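Participant: Test case, fold it:
(2 chains)
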Number of protein chains: 2
Amino acid sequence: MKVALLAPVAWRTPPRHYGPWEQITSLIAEGLVECGVDVTLFATLDSQTAGALDGVCPHGYAEDPALDGRVWEALHVAHALSRSGEFDVVHNHLDWLPLAFAAHVRAPMVTTVHGFSDSRIVPAYARAGSAYVSISDADRRPELDYVATVHHGIDMAALPFSAVGGEDLVVLGRIHPDKGTAVAIDIARRAGRRLVICGIVQDERYFAERVQPHVDGDRVRYLGSVGPRQRAEVLGSAAALLHPVAFDEPFGLAVVEAMACGTPVVTYPRGAMPEVVDEGVTGYLVDGPAAAAAAVERAAGLDRGACRATAQRRFSAARMVADYLTVYRRLLG
Amino acid sequence: MKVALLAPVAWRTPPRHYGPWEQITSLIAEGLVECGVDVTLFATLDSQTAGALDGVCPHGYAEDPALDGRVWEALHVAHALSRSGEFDVVHNHLDWLPLAFAAHVRAPMVTTVHGFSDSRIVPAYARAGSAYVSISDADRRPELDYVATVHHGIDMAALPFSAVGGEDLVVLGRIHPDKGTAVAIDIARRAGRRLVICGIVQDERYFAERVQPHVDGDRVRYLGSVGPRQRAEVLGSAAALLHPVAFDEPFGLAVVEAMACGTPVVTYPRGAMPEVVDEGVTGYLVDGPAAAAAAVERAAGLDRGACRATAQRRFSAARMVADYLTVYRRLLG
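Facilitator: You can find the predicted model right below:
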């Protein structure tokens, strides 16, 4: 089977520190290669893959202000689609632009919907001749036909099990009201524990007004965006991950990454959280900061080995790759 | 000859009040039809043409906040390109997106470069298999190969000659520092004449701080964006058009429209102005507000009939259409 994987070109694939869509595309590409699939990864030209790499963008536009993201994304998509006739399946991971040009794709296309940035992009989905995969049942739109839900998988080897953990709490994700960084600070304070914050600053004002004033290097520490290695260390040494999301998050990679390290999760029952967290096994779903603070002790008492085992069973990259192979085979009839 | 004209979809073609790129595309489309060319205009579906109309966008995205411009522009371009094999020439008027997808165009493409919004879009031009037309010699980029410069033309019938004019001055164009609206207020004050301002507000803050405080309904009047009919009235009843541009303007439609009505122009020698204005015949090119104020009297004394005649000879839609037919024929060998 010849598969074209269209990665976004905001970041390198795999990303150096941040870039969840590129991260997932990379794991699928490498997993498919391991399964003997003939993979061409369309990504930035500094990307790394055991498959064939093709593309036009020298590097990610989010990593170089001299690149206009709209222009390079269009050049990237146009190039990939011009080769689409060489493949059995084109697997799109970069949102609506390939869908708008679906009439120019000369192979069956499947699109993983990583998230809807804006409901005004839905017209591009509704018209396109693509099969859709949702990343959670919660993230489905009634307007679209889906062939499957495939939960994300992670590189379990890159997130080793930490049997002991620690006393501190951690919040990991882009710094933005959606992700509840400031709420996590409140929860940690109520729980009487230290908090470690990791992630890129996406909302500068929110960071300056609601987060930074609490960062004292002791009770609240901010580590910036952490790459794969430090990520595992930080997650593995925590008592629990706080994930008080203020939006219907389509998946929540950080939650699964924490589990892989053995660290349970305290989160809110929004978006994909009820699908991703096994209540009382890998964490707790609660409403509001007070309930979250109370749940921290219970979460810290959960069996870390069971967290790891659950993550291994439900959220390994191998499971995700197998699911996508099933989707491709269904598509090819 | 079968020609596909790709209009932008920000506004209807022709635009109701503002939309210079759509305006030019419309004039070319209608002019070609009059010359017996088989024209398909790809534009918003509420557009008007004597040729065939095709497209996907119900109306202009600048006229409806529910439409995401990026998405609808992509759907529009993808649709037009999917039909490109039916034409002898595809004439692109909407910037870099069709260029990024040039590999998917199955006919010779010519692109009128209406302006470079950002130098970071140049990579899309440099790679594409399109012929380029500049709208002035001044607007050429050294990186690109051009087949011709075709100055814009206007609908002379819609801008009737006004033999008398009046005492007031006019400035017409989007309200933005680039267009020098506030400078025009200063020039009019120095010249001791009333000023009429017309145009959409593109820079809200500039309007509020630098323009609106001077609008008193007498010495300085603001009419908003004026449609084709009022445009002719306003231009025809002025002593002179002030056009103190603060950027290298690629063409300057308002200048030519004023000439058509018999109204001379006082402008700065930037961008296309030295190509468009015949010094001492259709206006004066000067440096700075003081020189502009001094030039107002001289401009007001120019022969209005000569302005009209020069506009007729150099800037009629018929001349523009003939120029583009020459470009198409050259392209087809």
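Participant: now the strands for the stretch 151-300 of chain A?
Facilitator: In the stretch 151-300 of chain A, the strands defined using DSSP state E, counting those that start in this stretch lie at A:169-172, A:195-198, A:220-222, A:240-243, A:265-267, A:283-285.
Participant: which one of these is the most hemmed in?
Facilitator: When neighbours are counted by mean count of other Cβ atoms under 10 Å in any protein chain shown, the highest per-stretch mean among the strands of the stretch 151-300 of chain A falls to strand A:240-243, a mean of 29. C-beta: built from backbone N, CA, C; applies to glycine.
Participant: what's next to that one, contact-wise?
Facilitator: For strand A:240-243, the surrounding residues in contact (Cβ atoms under 8 Å, 6 or more residues apart in numbering or on different chains) are A:169-173, A:180, A:184, A:187-188, A:195, A:235, A:252, A:254-255, A:258, A:263-268, A:273, A:283, A:292, A:296, A:299-300.
Participant: about what we covered before: compare the strands of the stretch 151-300 of chain A and give me the one nearest A:Glu22.
Facilitator: strand A:169-172 (17.2 Å; Cβ to Cβ).
Participant: That closest one - contacts with which helices or strands?
Facilitator: Identification of packing neighbours for strand A:169-172 by 3 or more Cβ pairs under 8 Å, 6 or more residues apart in numbering or on different chains; DSSP states H and E yields helix A:181-191, strand A:195-198, helix A:228-236, strand A:240-243, helix A:253-260.
Participant: at 10 Å instead, please
Facilitator: When contacts are defined as 3 or more Cβ pairs under 10 Å, 6 or more residues apart in numbering or on different chains; DSSP states H and E, strand A:169-172 sits against helix A:181-191, strand A:195-198, strand A:220-222, helix A:228-236, strand A:240-243, helix A:253-260, helix A:288-300.
Participant: Pull the fourth one out as CSV, backbone CA atoms only.
Facilitator: Provided in CSV are the C-alpha atoms of helix A:228-236 (Å, rounded to 0.1, in the frame of the first residue of the first chain):
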residue,chain,number,x,y,z
PRO,A,228,10.2,15.4,24.4
ARG,A,229,12.9,14.5,26.9
GLN,A,230,12.1,17.1,29.5
ARG,A,231,8.4,16.4,29.0
ALA,A,232,8.8,12.8,30.2
GLU,A,233,10.9,14.0,33.2
VAL,A,234,8.4,16.6,34.3
LEU,A,235,5.3,14.4,33.8
GLY,A,236,6.9,11.4,35.4
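Participant: Report the distance from that helix to the chain centre.
Facilitator: Relative to the chain's own centre, helix A:228-236 is displaced by 16 Å; criterion: Cα atoms, centre = their mean, to the nearest Å.
Participant: what angle do that helix and helix A:253-260 make?
Facilitator: With axes from the mean of the first three to the mean of the last three Cα atoms, to 10 degrees applied, the angle from helix A:228-236 to helix A:253-260 works out at 70 degrees.
Participant: Would you mark the buried spots in helix A:228-236?
Facilitator: Buried residues in helix A:228-236, counted by 16 or more other Cβ atoms under 10 Å in any protein chain shown: A:231-232, A:234-236.
Participant: same for the worst-scoring helix or strand of chain A on mean pLDDT, what does it pack against?
Facilitator: Ranking every helix and strand in chain A by mean pLDDT, DSSP states H and E puts helix A:122-127 at the bottom, with a mean of 87. Secondary-structure packing of helix A:122-127 (3+ Cβ pairs under 10 Å, 6+ apart): helix A:97-100, helix B:69-82.
Participant: how about the following helix or strand past the last one against chain A, any contact?
Facilitator: Secondary structure here is assigned by DSSP states H and E; on that basis, the next helix or strand after helix B:69-82 toward the C-terminus is strand B:89-92. No: contact of strand B:89-92 with chain A is not found when judged by Cβ under 10 Å from any Cβ of the partner chain; the minimum separation is 13.8 Å.
Participant: Pairing partners for strand B:89-92, with directions?
Facilitator: Sheet neighbours of strand B:89-92, with direction, are listed as strand B:2-6 (parallel), strand B:109-113 (parallel) (DSSP bridges).
Participant: so what's A:Asp145 scoring on pLDDT?
Facilitator: pLDDT for A:Asp145: 88.
Participant: Contacts only, for the closest residue to it other than its chain neighbours.
Facilitator: For A:Asp145, ignoring the flanking residues on the chain, the nearest one in space by Cβ to Cβ, 6 or more residues apart in numbering or on different chains is A:Tyr132 at 6.6 Å. Taking Cβ atoms under 10 Å, 6 or more residues apart in numbering or on different chains, we find A:Tyr132 in contact with A:92, A:99, A:109-113, A:125, A:140-141, A:144-149.
Participant: at 6 Å instead, please
Facilitator: Counting by Cβ atoms under 6 Å, 6 or more residues apart in numbering or on different chains, A:Tyr132 makes contact with A:111, A:113, A:144, A:146.
Participant: how close does A:Cys35 sit to chain B?
Facilitator: Relative to chain B, A:Cys35 is positioned 31 Å away (Cβ to the nearest Cβ, to the nearest Å).
Participant: okay, that residue: pLDDT?
Facilitator: pLDDT, A:Cys35: 97.
Participant: Hmm, A:Leu5 and A:His91 touching each other?
Facilitator: Yes: using Cβ atoms under 6 Å, A:His91 is in contact with A:Leu5, at 5.1 Å.
Participant: Overlap in contacts, the two.
Facilitator: Residues touching both A:His91 and A:Leu5 (Cβ under 6 Å, 6+ apart): none.
Participant: Around chain B, which positions in chain A sit nearby?
Facilitator: A:68, A:71, A:74-75, A:78, A:82, A:97, A:100-101, A:103-104, A:120-121, A:124 (Cβ under 6 Å from any Cβ of the partner chain).
Participant: who wins for most neighbours among these?
Facilitator: Scoring those on neighbours with other Cβ atoms under 10 Å in any protein chain shown, the highest-scoring entry is A:Ala100 at 28 neighbours.
Participant: Flag the shaky bits of the stretch 51-200 of chain A, pLDDT-wise.
Facilitator: Scanning the stretch 51-200 of chain A for pLDDT under 70 picks out no residues.
Participant: what comes into contact with stretch A:139-146?
Facilitator: Applying Cβ under 6 Å, 6+ apart, the set of residues contacting stretch A:139-146 from outside is A:125-126, A:132, A:134, A:250.
Participant: Farthest pair within the residues you listed?
Facilitator: Using Cβ to Cβ, the two most remote members of the contacts of stretch A:139-146 are A:Ala126 and A:Pro250, lying 18.4 Å apart.
Participant: Neighbour count for these two, which is higher?
Facilitator: The residue with more neighbours, out of A:Ala126 and A:Pro250, is A:Pro250; 18 against 11, by other Cβ under 10 Å.
Participant: separation between the residue lying closest to that one once chain neighbours are set aside and chain B?
Facilitator: Residue nearest to A:Pro250 in three dimensions, not counting chain neighbours: A:Asp139, with 3.9 Å by Cβ to Cβ, 6+ apart. A:Asp139 is 19 Å from chain B, where distance means Cβ to the nearest Cβ.
Participant: before we move on, what about A:Val327?
Facilitator: Distance from A:Val327 to chain B, by Cβ to the nearest Cβ: 25 Å.
Participant: Next, count neighbours for that residue.
Facilitator: Residues near A:Val327, counting by other Cβ under 10 Å: 19.
Participant: Quick check: it vs A:Val3, distance?
Facilitator: With the distance defined as Cβ to Cβ, to the nearest Å, A:Val327 ends up 11 Å from A:Val3.
Participant: can you check A:Ser316 too?
Facilitator: When distance is defined by Cβ to Cβ, A:Ser316 is 20 Å away from A:Val3.
Participant: Phi and psi next, for A:Ile200.
Facilitator: A:Ile200 adopts backbone torsions of phi -70, psi 150, taken as degrees, to the nearest 10.
Participant: which residue packs closest to it, ignoring adjacent ones?
Facilitator: A:Ser225 (4.4 Å).
Participant: Next up, the contacts around that neighbour.
Facilitator: A:Ser225 neighbours (Cβ under 6 Å, 6+ apart): A:17-18, A:200.
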